[in-house]
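[1] here is my input; please provide its structure:
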Amino acid sequence: MLAEKFRKIRGLSWRVMDGIFKNMWDYKFVPVEIIARDSGVEEHKVEKVLKSLSDEKLIELKQTEYLGGAFTFLGLSLYSLNRFVRRNVVTMLGEKMGEGKESMIYNCMSEWGEAVLKFHKVGYPSFKKVREKRDYGDLHYTVLMVRSAKNEFNALKKLYGKVSVPKPYGWEGNAVLMELIDAKELYKVKLENPKDVLNYIIEEVREMWRLGIVHGDLSQFNILVSQDGIWFIDFPQAINLNEIESDEELKMAEEILKRDLTNLVNYFKKTYRLYVDASVVVDEVLKSH
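    As a prediction, the model looks like this:
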């Protein structure tokens with residue numbers, strides 16, 4: 001569906017979308033006159049294009065004291081894909097690999113070969129709710145999708161080469177382009193050496209903590225396993241300790257790390273009857289930063 005809709009969009013529509021994207025951090029619904037100014041398209045044509053994109057469910061139109069437009073998830077995803085295509089980074093979109101509440105994932109061909117393109121659906125509030133409200137105020141929810149994708153890309157960039165994560169290739173809008181890993185989620189695999197795997201996972205989480213990253217949502221659903229190794233995925237909720245501004249935020253980050261580790265220890269206890277004291281593990285990891 002994404003590829004079909006992408007092929008239908010013409011040059012004028014992309015220019016109008018450019019005008020929305022440039023200004024989505026300043027307006028919940030970007031006014032037609034602002035879109036016209038930044039896209040170089042006349043106002044009456046902008047209105048026509050917006051109505052057409054709205055019919056396709058790519059743009060949300062709102063008439064208040066002015067007519068304005070904002071992306072839908074689908075519209076932002078197509079626009080983000082187009083930014084990769086313009087740069088010749090993504091050359092072909094493949095099959096949809098999965099879709100959930102949080103993201104829509106496709107495989108694709110890129111300048112690095114076969115890759116994964118992940119479109120973020122939600123903007124995570126994370127532990128920085130108050131600051132986020134201050135920074136983003138009453139902006140459109142799609143702004144948070146962009147922030148979520150950027151957050152994941154930055155976390156992967158910081159970790160790659162030091163922790164086992166997919167190689168990040170690029171970020172545009174709400175989309176992250178990354179290495180394709182041929183492996184299954186931990187919960188789908190019957191491990192022959194669960195103790196070794198748990199120890200490895202704890203060591204990798206410790207290394208993330210040393211590097212100043214907390215995953216934020218770690219579980220058996222976002223650890224990939226194959227005969228070649230173990231990988232950690234899904235970092236939109238990642239916390240960068242370098243961005244923490246108060247003792248209260250540090251304490252919350254430590255609590256989230258504790259939750260991540262406790263989730264994993266409990267999974268191995270329930271699935272493999274492997275008994276490890278989560279509080280001891282948490283204390284040892286915390287000491288390493």
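
[2] show me which positions of the one helix or strand residue 147 maps to end up buried.
    Here residue 147 is covered by helix 141-159, with elements defined by DSSP states H and E. By 16 or more other CB atoms under 10 Å, the buried positions in helix 141-159 come out as 141-156, 158-159. For glycine as for every other residue, the C-beta is placed from the backbone atoms N, C-alpha and C.

[3] again with stretch 230-248
    231-239, 241, 244.

[4] after the longest strand seen in the chain, heading C-terminal, what element do we hit next?
    Ranked by residue count and defined by DSSP state E, the top strand of the chain is strand 90-99. The element immediately downstream of strand 90-99 (helix or strand, assigned by DSSP H and E) is strand 103-110.

[5] tell me which residues are up against that next one.
    The contact list for strand 103-110 (CB atoms under 8 Å, 6 or more residues apart in numbering) reads 2, 77, 84, 89-99, 114-121, 169, 177, 180, 236.

[6] tell me which of the buried residues of stretch 230-248 is nearest to residue 267?
    residue 232 (14.4 Å; CB to CB).

[7] wait, isn't the closest one in contact with residue 225?
    No: here residue 232 lies out of contact with residue 225, judged by CB atoms under 8 Å, at a distance of 10.9 Å.

[8] before we move on, the earlier item: now the helix holding residue 147, how far from the centre of its chain.
    5 Å (CA atoms, centre = their mean, to the nearest Å).

[9] and it, what does it pack against?
    helix 73-86, strand 113-120, helix 129-136, strand 168-172, strand 175-179, strand 213-214, strand 239-240 (3 or more CB pairs under 8 Å, 6 or more residues apart in numbering; DSSP states H and E).

[10] nearest residue to the middle of this structure?
    residue 149 (3.3 Å; CA atoms, centre = their mean).

[11] in contact with it, which residues?
    80, 118-120, 171, 173-176, 236.

[12] rebuild those as a markdown table, extending it with pLDDT and distance to residue 108.
    As requested, those are exported to a markdown table (pLDDT from 0 to 100; distance: CB to CB, whole Å):
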| residue | pLDDT | distance to residue 108 |
| --- | --- | --- |
| 80 | 98 | 12 |
| 118 | 98 | 10 |
| 119 | 98 | 11 |
| 120 | 97 | 16 |
| 171 | 98 | 14 |
| 173 | 98 | 15 |
| 174 | 98 | 15 |
| 175 | 98 | 10 |
| 176 | 98 | 12 |
| 236 | 93 | 19 |
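
[13] and which of those is nearest residue 258?
    Of the contacts of residue 149, the one sitting nearest to residue 258 (CB to CB) turns out to be residue 236, at 19.8 Å.

[14] contacts only, for the closest one.
    With CB under 8 Å, 6+ apart, residue 236 has these contacts: 102-103, 120, 124, 148-149, 151-152, 217.

[15] which one among these sits at the bottom for pLDDT?
    Comparing pLDDT over the contacts of residue 236, the lowest score belongs to residue 124 (54).

[16] if we can go back for a sec, tell me which two of the buried residues of stretch 230-248 sit farthest apart.
    Applying CB to CB across the buried residues of stretch 230-248, the maximum distance is between 231 and 244, 26.3 Å.

[17] local confidence estimate at the residue of the chain most remote from its centre?
    In the chain, counting by CA atoms, centre = their mean, residue 44 sits farthest out from the average C-alpha position, at 35.4 Å. On pLDDT, residue 44 comes in at 97.

[18] from residue 53, how far off is it?
    15 Å (CB to CB, to the nearest Å).

[19] give me the number of neighbouring residues for the nearest residue to residue 99 once chain neighbours are set aside.
    Using CB to CB, 6 or more residues apart in numbering and skipping residues adjacent in sequence, the residue nearest residue 99 is residue 105, 7.1 Å away. Residue 105: 17 surrounding residues under other CB atoms under 10 Å.

[20] quickly list what residue 105 is bridged to.
    Beta bridges link residue 105 to residue 98, residue 118 when assigned by DSSP bridges.

[21] pLDDT wise, what is it at?
    For residue 105, pLDDT reads 97.
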